[in-house]
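Engineer: I'd like to go over a predicted model; first the sequence, then the structure.
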Amino acid sequence: MNTLFIKNMVCNRCIMVVQNELDKLGLKVKNIKLGEVILEKEITSNKKNQLGDVLLTLGFQLIDDKKSRIIEKIKNIIIDLVHHQNSDSKANLSDVLSSNLNHDYNYLSNLFSEIEGTTIEKYFIAQKIEKVKELLVYDELSLSEIAFRLNYSSVAYLSNQFKKVTGLTPSYFKQIKEDKRKPLDKV
């Protein structure tokens, strides 16, 4: 088994931390990305257990079952779309997930809801609201620019969704400046 799946890898810093731990264990990496590591050689069960223990102390977790791997891939694709791609792509989320994971969207949606207790759409909205909070705290973009960057059809729609999720208007959130952001793995 050359491919490892790791839960809670949500940013480039996570990739660096995991890479560092793999290096310490003498495991050569062929490729590493959010939630997935491809090793040059097969890992022994002893090394895998060691890695699993170390990763747990750092807030990560090795994933073994197929359904959990799919869920983690869905989350990583959404996190990447919302937080790491500054594109104004208007691609449909269901199409993006289906094409990246080679599964029918209905299957992915039902699996996600069954395992996570929420819908893919609600998870996607939660990630978008966290990104809006981040951009409001940075105070570099107007609400119109934020709405455009995150593909909202209007500022009003963004504001309504923000208030529905947080209980606050974006302008009030910006005004109080308390960091009410959650870590991405807690969303």
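Structural biologist: Cool, got the structure.

Engineer: how about the strand or helix carrying Ser99: buried residues?
Structural biologist: In this assignment (DSSP states H and E), Ser99 forms part of helix 93-101. Within helix 93-101, the residues scored as buried using 16 or more other Cβ atoms under 10 Å are 96-98, 101. C-beta coordinates here come from the backbone N, C-alpha and C atoms, glycine included.

Engineer: Contacts only, for Ser113.
Structural biologist: Ser113 sits next to 119-120 when contact means Cβ atoms under 8 Å, 6 or more residues apart in numbering.

Engineer: coming back round to it: not counting its own residues, what contacts the helix holding Ser99?
Structural biologist: So helix 93-101 is in contact with 70, 73-74, 77-78, 81, 103-105, 108-109, 120-121, 124, going by Cβ under 8 Å, 6+ apart.

Engineer: re the thing from before, can you lay out the buried residues of helix 93-101 as TSV showing pLDDT and distance to Gly52?
Structural biologist: Below are those laid out as TSV (pLDDT from 0 to 100; distance: Cβ to Cβ, whole Å):
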residue	pLDDT	distance to Gly52
Val96	92	30
Leu97	95	27
Ser98	95	31
Leu101	94	24
